[in-house]
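1. structure of the sequence below:
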Amino acid sequence: MNIVVLTFTHNDNYGASLQCYALTKYLIDRGHTVKQLYVPHLHQRKKNLVERTILRTRSIIGSLLRRTVLRFRKQINPDYVRYSLSKEEKLGKDAYQIEREALFNAFYDNYIPYFTEPCFTEEDISKLGLTADLYIVGSDQVWNPIITKEQKKIFFFSFLPDGVKRISYAACFGGKEEWIVSEKETSEIKHLLEKFNGISVRDDIAKNILHNYFEVESERVLDPSFLLDEDVYAKIAMTSSLEGKGCLFVDKFVINDRWLSGFLDYSKSKGLKLIANGEYIHLKGVDYNPLLSVEGWLKLLKTADFVITDSFHCTVFCIIFKKQFITTPSYQGGEGRMTSFLEELGLMNRYFSSSDDFKNNCNRCEKPIDYDAVYKILENKRLLSKYFLDKFLE
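-> Residues are numbered from 1 along each chain as shown. The predicted structure follows:
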């Protein structure tokens, strides 16, 4: 069967890259031919003079708004205030980004070399002349309009003619149970959803949005990362020379003094060295590795003694590697993706809602996770997830 997959690709995000790899490999291992439809965000397209001027104007306005927000920072929950970049980091940001993207592109070249040319619009896609037996959209936040913006309808297959077989696999709307899109576009997307042969989502938030805003029912499945066995990822991880043994690995986007002080205290109490990863920001007194390949990221997760994260997919891979971990919120109002997933596996005791919650209640981590119980739940859900996919692959 010829299959076209539409998801987020070629971006410097570990989870997005690995979920793309997982679904592709699962399909190829079953004898199918897979092509990834590459739809970058519009901001990645080369800009003309007018577009560059608009972007600069938006940047200036955004800077002014951020300054206004800083004046009222006391009103913001301090747990969600992220460290600012230093002058040196700002100056080196472009060069750093080029190096970082090169690492991710190398992963794609090695493990998922099945991409179309970049397509930004429906017109671009039509020029490809794609023909396939099945189109799959997902996983990740492919249905989050805050991310997809003007391209949102593409991710509901607006470019496909009627009668073409299409499904979603583990699609997600983000961490909030709301849909802030115009009535006209909502109606258009509802019409597109009615053409799907099967709809599956990653969490109850997505199920409820589909039901409440589109009158569409869906099935809940696991993130595609769970479609592959641990040894597949372990083999990739072992290509990296990094080592996390004896370390507490922090993979957290939103980090500040409140969180960091708690993490430092906890790592000392456990006799573990604190190591961290993220974007641009270097933490004083912490071994920090922002230029981390996908393979290196997997290796640190697999070998670290303990992991702290605010990433959905980092949480997923902690469970795949059977690690002791905790999960924290990343952005305010986006916690639903985390809590829905952890509740599903009986792991809500591993979620800490605030830095104070962690400092005051970190003793909840003393009891190791019972992975026999977790995998008893997980294996049943994995079977149901594979069944959803396989019935459309006949």
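2. which SSE is the closest residue to F392 other than its chain neighbours in?
-> The shortest distance from F392 to any non-neighbouring residue, by Cβ to Cβ, 6 or more residues apart in numbering, is to I167 (5.3 Å). Quick note: C-beta positions are derived from backbone N, CA and C, even for glycine. For I167, the host element (DSSP states H and E) is strand 166-171.
3. kindly report the same for V34.
-> According to DSSP H and E, V34 maps onto strand 33-37.
4. just checking, what packs against that strand?
-> Judged by 3 or more Cβ pairs under 8 Å, 6 or more residues apart in numbering; DSSP states H and E, the packing partners of strand 33-37 are strand 2-6, helix 14-29.
5. quick one: those as TSV, columns for mean neighbour count and mean pLDDT too.
-> Shown next, in TSV, are the helices and strands packed on strand 33-37 (neighbours: other Cβ atoms under 10 Å; pLDDT from 0 to 100):
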stretch	mean neighbour count	mean pLDDT
strand 2-6	22	98
helix 14-29	22	96
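6. spit out the contact partners of F306.
-> By Cβ atoms under 8 Å, 6 or more residues apart in numbering, F306 lies in contact with 247-249, 267, 270, 272, 323-325, 365.
7. if you set the cut-off to 7 Å instead, what comes out?
-> 248, 270, 272, 324-325 (Cβ atoms under 7 Å, 6 or more residues apart in numbering).
8. which phi and psi does it have?
-> Per-residue torsions, F306: phi -150, psi 150 (degrees, to the nearest 10).
9. what bridges to it?
-> Applying DSSP bridges to F306 yields these beta-bridge partners: L248.
10. so which of the helices and strands packed on strand 33-37 is nearest F155?
-> Proximity to F155 (Cβ to Cβ) singles out strand 2-6 among the helices and strands packed on strand 33-37, at 6.5 Å.
11. now do the closest one against helix 14-29, angle only.
-> 170 degrees (axes from the mean of the first three to the mean of the last three Cα atoms, to 10 degrees).
12. I figured I255 hits Y83, correct?
-> Yes. Between I255 and Y83 there is a contact under Cβ atoms under 7 Å: 6.2 Å.
13. for these two, indicate the residue with more neighbours.
-> The neighbour count for I255 versus Y83, taken as other Cβ atoms under 10 Å, is higher for I255 (23 against 17).
14. that one belongs to a strand?
-> No. Looking at I255 with DSSP: H, G, I helix; E, B strand; the rest coil, it is coil, so not inside a strand.
15. quick check: it vs L18, distance?
-> 22 Å (Cβ to Cβ, to the nearest Å).
16. also E188?
-> 32 Å.
17. out of the helices and strands packed on strand 33-37, nearest to E183?
-> Nearest of those (Cβ to Cβ): strand 2-6, 25.3 Å.
18. how far off centre is the closest one?
-> 20 Å (Cα atoms, centre = their mean, to the nearest Å).
19. measure how it sits relative to strand 33-37, angle-wise.
-> 30 degrees.
20. re earlier: any of the contacts of F306 buried? List them.
-> 248, 272, 324-325 (16 or more other Cβ atoms under 10 Å).
21. pick out the most distant pair among those.
-> L272 and F325 (12.9 Å).
22. a markdown table for the helices and strands packed on strand 33-37, including distance to Q151?
-> Below are these laid out as a markdown table (distance: least, Cβ to Cβ, whole Å):
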| stretch | distance to Q151 |
| --- | --- |
| strand 2-6 | 11 |
| helix 14-29 | 16 |
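23. quick one, which of these gets closest to H211.
-> strand 2-6 (23.0 Å).
24. what helices or strands is that closest one leaning on?
-> Strand 2-6 sits against helix 14-29, strand 33-37, strand 134-137, with contacts defined as 3 or more Cβ pairs under 7 Å, 6 or more residues apart in numbering; DSSP states H and E.
25. now what about the strand holding I167, what contacts it?
-> Contacts for strand 166-171 (Cβ under 7 Å, 6+ apart): 23, 135-139, 142-143, 157, 160, 195-202, 206, 221-224, 389, 392.
26. using CSV, list the CA coordinates for it.
-> C-alpha atoms of strand 166-171 as CSV (Å, rounded to 0.1, in the frame of the first residue of the first chain):
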residue,chain,number,x,y,z
ARG,A,166,-7.8,9.3,4.9
ILE,A,167,-7.5,8.8,8.7
SER,A,168,-5.9,10.6,11.7
TYR,A,169,-3.6,8.8,14.0
ALA,A,170,-3.2,10.2,17.6
ALA,A,171,-3.9,13.8,16.5
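27. distance from the next helix or strand after it to the middle of the chain?
-> For strand 166-171, the following helix or strand on the C-terminal side (DSSP H and E) is helix 183-193. Using Cα atoms, centre = their mean, the distance from the centre of helix 183-193 to the centre of the chain it belongs to is 25 Å.
28. just the contacts of F306 now: which is nearest E122?
-> Checking the contacts of F306 one by one against E122 (Cβ to Cβ), the nearest turns out to be F325, at 41.1 Å.
29. quick check: that closest one vs P368, distance?
-> Distance from F325 to P368, by Cβ to Cβ: 11 Å.
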